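Trainee: Provide a 3D model corresponding to the input given below.
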Amino acid sequence: MSRLIGAPLQDIPWQPKPAGCQSPVWRYSANPIIPRDAIPTSNSVFNSAVVPYRAGFAGVFRCDSRAVSMDIHAGFSADGIHWKINPGPVRFDGDPEVNRREYRYDPRVCFLGDRYYITWCNGYHGPTIGLGYTFDFKEFHQLENAFLPYNRNGVLFPRKIHGHYAMLSRPSDTGHTPFGDIFCSVSPDLTFWGKHRYVMGTVSGDRSAWQSKKIGPGPVPIETDEGWLLIYHGVINTCNGFVYRMGCALLDADEPWKVKLRSRFYILGPQEPYERVGDVPNVTFPCAALADSATGRIAIYYGCADTVTGLAFTTVDELMDYMKKYPL
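Mentor: Numbers count the residues shown, from 1 in each chain. Just a heads-up that it's a prediction; the model follows:
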């Protein structure tokens, strides 16, 4: 039995595993939970981040407009399933050079210390990792970009490690990410980042081909008594284009660039119509997870076909057992 470390969150969304289900992750029966037109001007709402907040939940959502511009919007929910998303995008204060907007997409939210930190893919002469924070999801403050362009999928750890902030990211380039590896970086102050360490990369050959093109960190890592549980996305380039699936790995608690376990088989992939058909077909892209230390339950929020938002469920034991049974 594995144990989640952290506060109990017994009000997170949950459905039991269906009878006969052989997958370690199963879908919410009423998916998708957020439609593409959740706000008046949206073309799609997907790849979004959710956290517990006060008596309910809050989040930051990727909303591509009907002009097909990319931005992030705050939202609130009483139950983590039914959401009210602000029609206007998040507005940050801060240095005008840093918070000038080119585009913003694929946010993550991490509660750390006394505030909620937001990371996202930020347009600044190319994609890099934007970083900001809020206390109430109403006023937002932007910090310096974490890295030089080009970088995507910046994900903070939910506590300091050896006195430093830590972040996973996936360096890339000007094209559609021929670089596909995850790195870990640390910072004393959320401004200066260094000690960049390789975590893991793509897998060549057919041993685990679903993650042969690129990989990237998904939700904020979940702390367990065995290390950091990381849910990530992996991509294969097929004759019909890219296919995005979910995998999981276990990182060392003190040296999170060291991989202790990694799934050979994916844990969730495009199967349902809302995952297979959309603006970008065949995508299941995890961006957030809620974890209840009292029960071991985990709720995963993920983008479906770059169009709508889905919800799936698992437990810490399901994922640990799956990695141990089918290791890479």
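
Trainee: next, Tyr274: secondary structure please.
Mentor: Using DSSP: H, G, I helix; E, B strand; the rest coil as the criterion, the local structure at Tyr274 reads helix.

Trainee: and it, how many residues sit next to it?
Mentor: Counted with other CB atoms under 10 Å, the neighbours of Tyr274 add up to 19. Every C-beta, even on glycine, is put in place using the N, C-alpha and C of the backbone.

Trainee: residues in contact with it?
Mentor: Asn31, Pro32, Cys304, Ala305, Thr307, Val308, Gly310 (CB atoms under 8 Å, 6 or more residues apart in numbering).

Trainee: ranges for the strands of the stretch 101-250 of the chain?
Mentor: 104-112, 115-123, 127-134, 140-142, 151-156, 165-171, 182-187, 194-200, 214-217, 222-224, 227-238, 241-251 (DSSP state E, counting those that start in this stretch).

Trainee: let's have those in CSV, adding mean neighbour count and distance to Gly80.
Mentor: CSV is the format used below for the strands of the stretch 101-250 of the chain (neighbours: other CB atoms under 10 Å; distance: least, CB to CB, whole Å):
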stretch, mean neighbour count, distance to Gly80
strand 104-112, 23, 13
strand 115-123, 23, 16
strand 127-134, 24, 19
strand 140-142, 18, 21
strand 151-156, 25, 20
strand 165-171, 24, 24
strand 182-187, 21, 27
strand 194-200, 14, 29
strand 214-217, 25, 22
strand 222-224, 21, 16
strand 227-238, 22, 17
strand 241-251, 23, 19
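
Trainee: need those strands in JSON lines with distance to Val283 and mean pLDDT, can you?
Mentor: Listed next are those as JSON lines, based on distance: least, CB to CB, whole Å; pLDDT from 0 to 100:
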{"stretch": "strand 104-112", "distance to Val283": "12", "mean pLDDT": "98"}
{"stretch": "strand 115-123", "distance to Val283": "15", "mean pLDDT": "98"}
{"stretch": "strand 127-134", "distance to Val283": "18", "mean pLDDT": "97"}
{"stretch": "strand 140-142", "distance to Val283": "27", "mean pLDDT": "98"}
{"stretch": "strand 151-156", "distance to Val283": "14", "mean pLDDT": "96"}
{"stretch": "strand 165-171", "distance to Val283": "16", "mean pLDDT": "97"}
{"stretch": "strand 182-187", "distance to Val283": "19", "mean pLDDT": "98"}
{"stretch": "strand 194-200", "distance to Val283": "21", "mean pLDDT": "98"}
{"stretch": "strand 214-217", "distance to Val283": "12", "mean pLDDT": "97"}
{"stretch": "strand 222-224", "distance to Val283": "22", "mean pLDDT": "98"}
{"stretch": "strand 227-238", "distance to Val283": "9", "mean pLDDT": "97"}
{"stretch": "strand 241-251", "distance to Val283": "4", "mean pLDDT": "97"}
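
Trainee: now tabulate the ones you listed in CSV and tack on distance to Leu261.
Mentor: Formatted as CSV, these follow (distance: least, CB to CB, whole Å):
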stretch, distance to Leu261
strand 104-112, 22
strand 115-123, 25
strand 127-134, 26
strand 140-142, 36
strand 151-156, 18
strand 165-171, 16
strand 182-187, 15
strand 194-200, 11
strand 214-217, 15
strand 222-224, 11
strand 227-238, 8
strand 241-251, 4
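
Trainee: coming back round to it: just the buried residues of the contacts of Tyr274.
Mentor: Asn31, Pro32, Cys304, Ala305, Thr307, Val308, Gly310 (16 or more other CB atoms under 10 Å).

Trainee: measure Arg108 to Ile222 for me?
Mentor: To Ile222, Arg108 is 13 Å away according to CB to CB, to the nearest Å.

Trainee: my bad, should have said Arg197
Mentor: Computed as CB to CB, the Arg197 to Ile222 distance reads 20 Å.

Trainee: same deal with Cys184?
Mentor: 16 Å.

Trainee: what do you get for Gly59?
Mentor: Noted for Gly59: a distance of 17 Å to Ile222, by CB to CB.

Trainee: next one: Ile298
Mentor: Using CB to CB, Ile298 is found at 7 Å from Ile222.

Trainee: any shared contact partners between those two?
Mentor: Joint contacts of Ile298 and Ile222 (CB under 8 Å, 6+ apart) are Ala289, Ala291, Val316.

Trainee: appreciated, that's everything.
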